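Undergrad: sequence plus the predicted model coming up.
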Amino acid sequence: MTYKEQYLHPLWQKKRLEILERDNWFCQACFDDEETLHVHHTKYIKGRKVWDYDNDDLITYCNTCHQTVHELMDVEKHYSQ
């Protein structure tokens, strides 16, 4: 199963809904509730399915904040090499 296919899997959809409900359907960075929301993995573990993470490893971000977090992760990865 590809990484992209995992995000379409019912187990991810259930986990995603759980996290969105836990975070009251708000971005946890800017508290926006209008923009599209994403559930972000705060860490990645090789070989683990996207739904096999503890809830503490997942957070709700709006699209803008999610993009910003990934850009910062890319910069951090670049400078740590």
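TA: Structure's in. What do you need? Numbering: from 1, shown residues only.

Undergrad: helix or strand: which one has residue 59?
TA: According to DSSP states H and E, residue 59 maps onto strand 58-62.

Undergrad: what packs against that strand?
TA: helix 10-22, strand 37-41 (3 or more CB pairs under 8 Å, 6 or more residues apart in numbering; DSSP states H and E). Bear in mind the C-beta positions are built from the backbone N, C-alpha and C, glycine included.

Undergrad: alpha carbons of it, in PDB - could you do that?
TA: In PDB, the C-alpha atoms belonging to strand 58-62 read as follows (Å, rounded to 0.1, in the frame of the first residue of the first chain):
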ATOM      1  CA  LEU A  58      -1.000  14.100  15.700                       C
ATOM      2  CA  ILE A  59      -2.200  17.700  15.600                       C
ATOM      3  CA  THR A  60      -4.800  19.700  13.600                       C
ATOM      4  CA  TYR A  61      -3.500  22.600  11.400                       C
ATOM      5  CA  CYS A  62      -5.200  24.700   8.800                       C
END
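
Undergrad: can you list the weak-confidence ranges in this protein?
TA: 75-81 (pLDDT under 70).

Undergrad: let's see 80
TA: 73-81 (pLDDT under 80).

Undergrad: just to revisit the earlier point, just the helices and strands packed on strand 58-62: most buried one?
TA: strand 37-41 (a mean of 19; mean count of other CB atoms under 10 Å).

Undergrad: on that earlier part again, run the angle between the following helix or strand past the strand holding residue 59 and strand 37-41 for me.
TA: Downstream of strand 58-62, the first helix or strand assigned by DSSP H and E is helix 63-79. Orientation check (axes from the mean of the first three to the mean of the last three CA atoms, to 10 degrees): helix 63-79 against strand 37-41 gives 30 degrees.

Undergrad: gap between helix 63-79 and the chain center?
TA: 12 Å (CA atoms, centre = their mean, to the nearest Å).

Undergrad: can I get the CA coordinates of it in CSV?
TA: The C-alpha trace of helix 63-79 is given here as CSV (Å, rounded to 0.1, in the frame of the first residue of the first chain):
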residue,chain,number,x,y,z
ASN,A,63,-3.8,24.5,5.3
THR,A,64,-1.7,27.6,5.7
CYS,A,65,-0.1,26.6,9.0
HIS,A,66,0.4,23.0,7.8
GLN,A,67,2.3,24.3,4.7
THR,A,68,4.4,26.5,7.0
VAL,A,69,5.2,23.7,9.3
HIS,A,70,6.4,21.5,6.4
GLU,A,71,8.5,24.4,5.0
LEU,A,72,10.1,24.8,8.4
MET,A,73,10.8,21.1,8.6
ASP,A,74,12.4,21.2,5.2
VAL,A,75,14.6,24.1,6.3
GLU,A,76,15.6,22.3,9.5
LYS,A,77,16.4,19.2,7.6
HIS,A,78,18.6,21.2,5.2
TYR,A,79,20.6,22.8,8.0
